[in-house]
Every structure is written in C-alpha cells, then in structure tokens.
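Colleague: Here is my input; please provide its structure:
(one chain, ligands or ions: 1)
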Amino acid sequence: MLVRRCAVLFVEPREDLDVDWAALFAGQGAIAATMQWVALAPHLGEEVVVDAGELAALGAIGHTLWQERTACEARFGADIIARLLQAGLLLSDATEGAVPRERDETLRAQHWRPLSAAIHMFSRWGDMRVDKGMQFPSFEELVDNYGTPPGPTVTRRDDGQSIALPQPERARLDETLYQRYTGRNFDPAAVLPLATASRLLQRAFGSQGEREMAPDAYVLKKLSPSAGGLHPTEVYILAQRIEGLAPGLYHYQPVRHALEPLAAMTGAETAALALRMVADQDWFVPAPMLVILVARVERNFWKYRNHAKAYRALLLDAGHLSQTFYLLATEAGMPAFVTAAVNEIDIERALGLDPLKDMVVAVGGCGLASGAQETVEMRYQP
Ligand SMILES: Cc1cc2nc3c(=O)[nH]c(=O)nc-3n(C[C@H](O)[C@H](O)[C@H](O)COP(=O)(O)O)c2cc1C
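Modeller: Numbering: from 1, shown residues only. Got it, this is the predicted structure:
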C-alpha cells in the first residue's frame, strides 16, 4: 500500500483554559491550561487532535510523492501511521481510503491557496443560532464588556494642513443612495411582484452580454465589477412569496435569465430554512425573496491559481453584487439586507454544494417594509 500526506495541512498549538477544581480546593491557582496540537486539514473540514508522534510523522511524510506504507511504519511506528490514515491526514491508494483521498483530490483540483482553503473551511457554521455563544451582542452589551469602541474614523493631519473640499452637487444617484438601508422589519404578507423580482435578478446578477476572450474562453458582462471579469458568483433564490412562483429553492441562470427549480417547499418549510440559513436572525425571515451568493471557486482559481489575493477577490465580488442588489431594491421602493452570519453548512446541504468547490459567502434578500420598527434599522436622517 502507498501513502502520502494530504495536500494542505496547518497545525495549531491550541491552549485551552479550564477551571482546575482540585487546585482550587487546595487553595492554589484555579485556572488550568492544557495544550494540544490541532490539525486543520481543509479537505476534512473537521479539526483533528494529534499527538507529538503523529505530528512528527506528518512533518516528514510529503504530500507529493507516494511512498510505501511499510517504510513509513518502520520510521514512525505502525500505530501512528494507522491512526493518521484513519483520521484522513495520511492518504492511501487502498479502496478503504477512498473517501479522504477523493476529498483531497477535489481540493487539489481547485487550485486553492492553502491558507485560504483553511480559513474558508474552518470559518463555516452549521446550526449556529443567535442565542448561541453571543454571536449577536447589542451595542450596549459590547460597551459593557469591552468599553467604548475605537472612534468612528481617524484624523491624520491635525495641524491645519487638511484641504477642505466643496460640498457635492445633488445628482441622479443620490435619491437611491440616500434611501438605501438594511431592512429588518419586512411585511410578512407582502408578495413580491414577478416583474420586480425579475428586474432585480437580471440587473444585479444577470448577464448583459457574453464575450469570447480566447477560443472557448468566455466572460460575462455584468453591472457590477468582478476580479478578472470572471464573475464566479452563482446566485440561488429562496422564494417565499414571489408572484406566480412556487415556494422553494431555485438557481438563477444569469445567461438565460431563468430560474432553475431545485426544491419545492411549503411556506412553513421556506421560513424554517430561511431562519436556519441566517443563523436564527428572525428579522430577515419575512423577506419574500432571499438570495444566496455562492462563489464557484474553480472559475476564479482557473486564472488566480494558488494566488494570495484570490480568496479576497471572491469576497469583494460578492460585496459588489450585494450593493447593486441593495440599490435596485431601493429603487423599487424596498429595503434589502445582506448578512455574512450564515450557516454555510446547512445551506450547502440544502443546495447540494461541495464547500471545496462552492463557497457560500453571504445571504441577502429584499421585500416591502412593514412600517413597524420592532428591530433596529438605520435610515438616513437629513
Ligand atoms: C458584510 C456584512 C454583513 C452584515 N451582517 C449583518 C447581520 O448579520 N445581521 C444584520 O442584522 N445586519 C447585517 N449587516 C447589515 C449591517 O448591519 C448594516 O449595513 C449596517 O448596520 C448599516 O446600516 P445600513 O445598511 O442601513 O446603512 C451586514 C452588512 C454587511 C455589509
């Protein structure tokens, strides 16, 4: 049997603090610190605790060339090699090792920058809720815990040398820009007209033209910028109340300007999925249309392979799309929202996506405002 190490592996010397009850009762220091090596291998997506012997083997067995298992066993011990194979940190050419080996091959095939793969795979949430672990503290709680925040901005010249600029003229975009705000009080009964949904999807995410840059190498023109012109962001829709559209999940096909049905649902099911997607932020759930922004990494990494900036570009791309979506919703008389506090793992499951290939970046949505102010919003006040 041949073995090699997984392609990408970071190991964190993690310190965990706990109350040392025995020491506390003996009148000594009450906090105990334990150290352990935590292996972060993106193809697994789950942390693996390793010991010093396993760490030494991982540091010595390369990820490129396959070598005889027996030779590794002779060097590091059969137990260590067996444990690392079992954990999927070492890979084998044997049938029983197919699952981690194939996940590793999928990772290799995307051309991920190793650090980017690690941050992506280990910053995903599954089943996270608002009330779990203080993920959504209020400003008051933050100030109580951390003191006042750093000031809203900085001044770099305080010596009278700054150059005052003239006040800007009013212009056409202003009306939309000033009306834009993040909605958190959507009308739970309002139905989004199909024509409005269609315009938002086409202008925010649709293709305005296709261009062949080289033989069989196409790019789309969209109304937001995208790194390398590659537009790797795919958009999925959770339709709750869109005129003439059955509730459920759809993929938006930007060239054909069409919705591809993926899963039909009841209204209760879309609401439950919406709540789960946005980690229990129930203020977003009544929005009639939710949009899920998913970066197809192989599209960007085809050009920016193993590139230090590629991951950042994927996040920026989604941000631009989101702002265009906000402005279109505003123009149509509706607030919009975007959130990065999403349960990527639940969304991947619902959409049948592989996180090594398809990176859930954000969830947005829009709908008519209810007029109530149950959850705080920040509208422009002249
Ligand atoms: C990347 C990003 C993540 C956000 N995440 C959340 C969120 O998790 N929950 C939420 O209620 N709002 C979220 N928002 C909305 C911001 O809170 C909002 O933009 C900010 O308070 C300013 O208000 P405005 O958009 O109305 O001007 C997010 C915005 C951005 C750009």
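Colleague: okay, CA-based contacts and neighbour counts for the rest of this
Modeller: Noted.
Colleague: partner residues bridging the residue of the stretch 201-350 of the chain found nearest the ligand?
Modeller: Going by C-alpha to the nearest ligand atom, the ligand is nearest to T339 of the stretch 201-350 of the chain, at 3.5 Å. T339 has the following beta-bridge partners by DSSP bridges: V363.
Colleague: thought it was touching G364?
Modeller: Yes - checked against C-alpha atoms under 8 Å, the pair T339 and G364 is within contact range at 6.3 Å.
Colleague: who in the protein is up against the ligand?
Modeller: Counting by C-alpha under 6 Å from any ligand atom, the chain comes close to the ligand at 181-182, 338-341, 377-379.
Colleague: beta partners for L91?
Modeller: With DSSP bridges as the rule, L91 is bridged to R4.
Colleague: what's the distance between it and the ligand?
Modeller: For L91, the distance to the ligand equals 37 Å [C-alpha to the nearest ligand atom, to the nearest Å].
Colleague: For that residue, which residues are in contact?
Modeller: By C-alpha atoms under 8 Å, 6 or more residues apart in numbering, the residues touching L91 are 3-6, 85, 97, 100-101.
Colleague: Just the C-alpha atoms of stretch 345-357, please, in PDB.
Modeller: Taking C-alpha atoms only, stretch 345-357 is exported to PDB below (Å, rounded to 0.1, in the frame of the first residue of the first chain):
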ATOM      1  CA  ILE A 345     -23.100  24.000   6.200                       C
ATOM      2  CA  ASP A 346     -26.900  24.000   6.300                       C
ATOM      3  CA  ILE A 347     -27.000  26.000   3.100                       C
ATOM      4  CA  GLU A 348     -24.600  23.600   1.400                       C
ATOM      5  CA  ARG A 349     -26.800  20.700   2.400                       C
ATOM      6  CA  ALA A 350     -30.000  22.400   1.200                       C
ATOM      7  CA  LEU A 351     -28.400  23.200  -2.200                       C
ATOM      8  CA  GLY A 352     -26.300  20.100  -2.600                       C
ATOM      9  CA  LEU A 353     -23.000  22.000  -2.800                       C
ATOM     10  CA  ASP A 354     -19.400  20.900  -2.000                       C
ATOM     11  CA  PRO A 355     -17.700  23.500   0.100                       C
ATOM     12  CA  LEU A 356     -14.300  22.800  -1.500                       C
ATOM     13  CA  LYS A 357     -15.800  23.900  -4.800                       C
END
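Colleague: Can you tell me the SS state at D18?
Modeller: Following DSSP: H, G, I helix; E, B strand; the rest coil, D18 is assigned to strand.
Colleague: Quick check: pLDDT value at it.
Modeller: Looking at D18, its pLDDT stands at 87.
Colleague: same question, F25
Modeller: 82.
Colleague: same check, this time on L245
Modeller: 98.
Colleague: Contact partners for it?
Modeller: 194, 239.
Colleague: go on, V130?
Modeller: Per C-alpha under 8 Å, 6+ apart, neighbours of V130: 136, 279-281.
Colleague: one step back: compare T339 and G364 and say which is more crowded by neighbours.
Modeller: Set T339 next to G364 and count neighbours by other C-alpha atoms under 10 Å: G364 wins out with 22 against 18.
Colleague: so what's that one closest to, chain neighbours aside?
Modeller: Leaving aside its sequence neighbours, G364 sits nearest to V338 (C-alpha to C-alpha, 6 or more residues apart in numbering; 4.0 Å).
Colleague: With A362 instead?
Modeller: A340 (4.8 Å).
Colleague: now do W37
Modeller: P13 (4.7 Å).
Colleague: ok, then the element right after the helix or strand hosting the one you found?
Modeller: Assigned by DSSP states H and E, P13 belongs to strand 10-19. Next helix or strand after strand 10-19 toward the C-terminus (DSSP H and E): helix 21-25.
Colleague: Nothing else from me, thank you.
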